[in-house]
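Visitor: turn this into a structure:
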Amino acid sequence: MENTTKITAACVIENGKVYVNSKLDFAAEGSATSLDFLKAAYTHYQLNYPKFYKMDSLCKLAMVASELLMRTNRINEKYASEAIALIIANGASSLEIDTEHQVSIADEANFFPSPAVFVYTLPNILIGEIAIRNKIKGENTFFIFDTFDEDFIHSYTDSLMNNDKAKCVIAGWVDFYEDKYRAFLYTVERTNEGEAHTTTNINKLIDNKLNFERN
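Guide: Alright, predicted model coming up:
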């Protein structure tokens with residue numbers, strides 16, 4: 001049977017919980033804030049990436065999700081750096097850090113913009129952080145939607161695969177604003193294993209219902 005595009009691994013982070021391949025893998029619901037939760041997850045998984053503490057909240061969320069995804073499916077050991085693409089979207093863009101930056105420049109008498117804050121005032125910086133960490137050099141694009149558009153992400157991802165622009169795609173949604181957060185990232189590969197890469201299965205993924213058990 002000819003290989004088709006399949007969802008081969010996934011990580012979902014929301015409401016103080018981490019799901020890896022649809023199974024609850026970590027919970028820290030008692031964390032006071034979303035940042036407390038992300039730090040707890042970072043410590044729990046022993047991610048060992050000191051730059052994490054310098055990142056903005058959006059990048060912290062993306063880093064935890066991508067690290068767990070890459071641990072689950074070591075695609076960077078299976079594909080060349082140029083063969084892996086990153087297609088990620090969100091709804092709030094980089095508003096969380098934009099607001100912090102605006103506060104730092106609003107008072108003319110106390111004008112003190114921080115370069116460490118300013119560097120994160122584009123949402124696609126999180127893709128750069130993932131790419132640098134994992135030496136990914138393939139196509140990367142970040143989109144802003146009011147809500148997750150599974151039809152678009154599905155179509156764009158399969159187009160890259162079908163036109164030999166990528167052999168593997170990391171796709172999904174990473175959003176953080178006003179202490180509300182949600183991330184889901186998944187890998188798509190051309191293989192006979194995994195769930196078919198369809199909009200129906202993407203939606204099941206969001207609801208943590210996909211079954212990744214292998215025969």
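Visitor: which parts of the helix or strand bottoming out on mean pLDDT in the chain are buried?
Guide: The least trusted helix or strand in the chain, going by mean pLDDT, DSSP states H and E, turns out to be helix 115-118, with a mean of 72. Neighbour counts using 16 or more other Cβ atoms under 10 Å place V117 of helix 115-118 among the buried residues. No exception for glycine: its C-beta is placed from N, CA and C like everyone else's.
Visitor: go on, stretch 170-182?
Guide: 170-177, 181-182.
Visitor: what's in contact with it?
Guide: Stretch 170-182 is contacted from outside by 13-14, 33-34, 57-58, 61-62, 65-66, 69, 75, 84-92, 95-96, 126, 130, 136, 148, 153, 157, 183-188, using Cβ atoms under 8 Å, 6 or more residues apart in numbering.
Visitor: cool, stretch 71-79 as well?
Guide: Counting by Cβ under 8 Å, 6+ apart, 8-9, 11, 20-21, 70, 84, 134-136, 167-168, 170, 187, 189 sit against stretch 71-79.
Visitor: 10 Å instead?
Guide: 8-11, 20-21, 25, 45, 47, 69-70, 83-84, 133-136, 138, 166-170, 186-189, 194, 212 (Cβ atoms under 10 Å, 6 or more residues apart in numbering).
Visitor: of those residues, which belong to strands?
Guide: 8-11, 20, 25, 84, 168-170, 186-189 (DSSP state E).
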